[in-house]
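Q: Sequence and computational prediction follow.
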Amino acid sequence: MKQIIYQSLLERKGKGQKSFALLIDPDKVNAQKIDELTRNSVLAGVDYLLVGGSLVISNHLDEVVQRIKANCSIPVILFPGTPSQVSRHADGLLYLSLISGRNPELLIGQHVISAPFVKQSGLEIISTGYMVIDGGAPTTVSYISNATPIPSDKNEIAMCTAMAAEMLGMKLIYMDAGSGARRSISEEMISMVSGCIDIPLVVGGGIREPEKAYLDCKAGADLIVVGNAIEKNSGLLPEMAAAIHSVTVKA
Ligand code: 1GP
């Protein structure tokens, strides 16, 4: 199985470099917006483009991914809210198991059903322990998943969940306060989780300020995901990228 994206993440982590992913929700972009976002992402030095959303109402995932790929060479990673959100035109796919919840369908059930289809896609599959952390308001992901998020102050629960996922063989931990979260994940929780795992740590949900992205990287996040804030103001891309890339921590 391919490991190009994952190796790049490991290499960056090994060098103490932090990475920046822009999340593009296919429901919220048209061709013009994709062109604007990809152009600005290249200029700002965005490392990865994540494509996905909790719902994906529109039926143009393939077109969105193809347009992004035609515009730039930034790796495109699918971040699927449902098993049907697979496009073979992408480079990789976060194979998410919702380990913070206790909904068997999202832990393993949907994976079983979609496994042959996902495997046939030829995409790089990155096994990801997905942890939803309470972001101060019900988000689409918490509603759709029918699973309780980890309370924002329960750092030990987050830590033990991430440790268990790593020992189960997952390759990445993604801590998400949910898209548009009122409150993003605390640096204390990020620091405790990153301190107890060796695999890369992805952090997202409600990050609006470059300063917060910077502090999250300092606390131990390896990859910062921003969606909403850039959708609203793509002029924030260079500052966000600069803040993230300014952090280097020797591993
Ligand atoms: C959501 O982590 C992502 O799953 C990004 O969240 O849209 O709030 O930046 P935002």
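A: Perfect, I can see it now.

Q: Render the CA-only coordinates of the lowest-mean-pLDDT helix or strand in the chain in PDB, please.
A: Least confident helix or strand of the chain, by mean pLDDT, DSSP states H and E, is helix 140-145 with a mean of 81. Presented in PDB, the C-alpha positions along helix 140-145 are these (Å, rounded to 0.1, in the frame of the first residue of the first chain):
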ATOM      1  CA  THR A 140     -22.700  18.800  12.700                       C
ATOM      2  CA  VAL A 141     -20.200  16.000  13.400                       C
ATOM      3  CA  SER A 142     -21.500  15.400  17.000                       C
ATOM      4  CA  TYR A 143     -25.100  15.400  15.800                       C
ATOM      5  CA  ILE A 144     -24.500  13.200  12.800                       C
ATOM      6  CA  SER A 145     -22.300  10.800  14.700                       C
END
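
Q: What helices and strands are in contact with it?
A: Judged by 3 or more Cβ pairs under 8 Å, 6 or more residues apart in numbering; DSSP states H and E, helix 140-145 is in contact with strand 124-132. Where C-beta positions appear, they are placed from N, C-alpha and C, glycine not excepted.

Q: how far is the strand it packs on from where the chain is centred?
A: Taking Cα atoms, centre = their mean, to the nearest Å, one finds strand 124-132 lying 9 Å from the centre of the chain it belongs to.

Q: burial measure for T248, as a count.
A: Look at T248: counted by other Cβ atoms under 10 Å, it has 10 neighbours.

Q: Please read the previous query as pertaining to A219.
A: A219 has 21 nearby residues by other Cβ under 10 Å.

Q: got it, and the one 10 residues further on?
A: When neighbours are counted by other Cβ under 10 Å, A229 registers 19.

Q: ok, and the closest non-adjacent residue to it?
A: R208 (4.3 Å; Cβ to Cβ, 6 or more residues apart in numbering).

Q: how much space between that neighbour and D27?
A: From R208 across to D27, the span is 20 Å (Cβ to Cβ, to the nearest Å).

Q: repeat for K69
A: Taking Cβ to Cβ, one finds K69 at 19 Å from D27.

Q: The two - which one has more neighbours?
A: K69 (18 against 15).

Q: Outside of the helix or strand encompassing the more buried one itself, list whatever touches it.
A: Taking DSSP states H and E as the criterion, K69 maps to helix 61-71. If you take Cβ atoms under 8 Å, 6 or more residues apart in numbering as the criterion, helix 61-71 is touched by 24, 26, 29, 31, 34-35, 38-39, 49, 51, 74, 76, 78, 85, 87, 89-90.

Q: buried subset of these?
A: Buried members of these, counted by 16 or more other Cβ atoms under 10 Å: 24, 26, 29, 34, 38, 49, 51, 74, 76, 78, 85, 87, 89-90.

Q: In strands, which of the residues you listed appear?
A: 24, 49, 51, 76, 78 (DSSP state E).

Q: and which of those is nearest S97?
A: The nearest member of these to S97, counting by Cβ to Cβ, is L78 at 15.1 Å.

Q: gap between the closest one and E231?
A: Taken as Cβ to Cβ, the span from L78 to E231 is 18 Å.

Q: ditto for P83
A: 25 Å.

Q: Repeat that for A115.
A: 32 Å.

Q: re the thing from before, where does confidence bottom out across the buried ones among the contacts of helix 61-71?
A: The lowest pLDDT within the buried ones among the contacts of helix 61-71 belongs to Q85, with 90.

Q: Assess the claim that that one and G52 are in contact.
A: Yes: counting by Cβ atoms under 8 Å, Q85 does reach G52; the two are 5.7 Å apart.

Q: intersection of neighbour lists for the two?
A: Joint contacts of Q85 and G52 (Cβ under 8 Å, 6+ apart) are L78.

Q: Show me which residues of this protein sit near the ligand.
A: 23, 176, 179-181, 204-207, 225-229 (Cβ under 6 Å from any ligand atom).

Q: Surely S41 is in contact with C72?
A: Yes: S41 is within contact range of C72, at 6.7 Å (criterion: Cβ under 8 Å).

Q: That'll do, ta.
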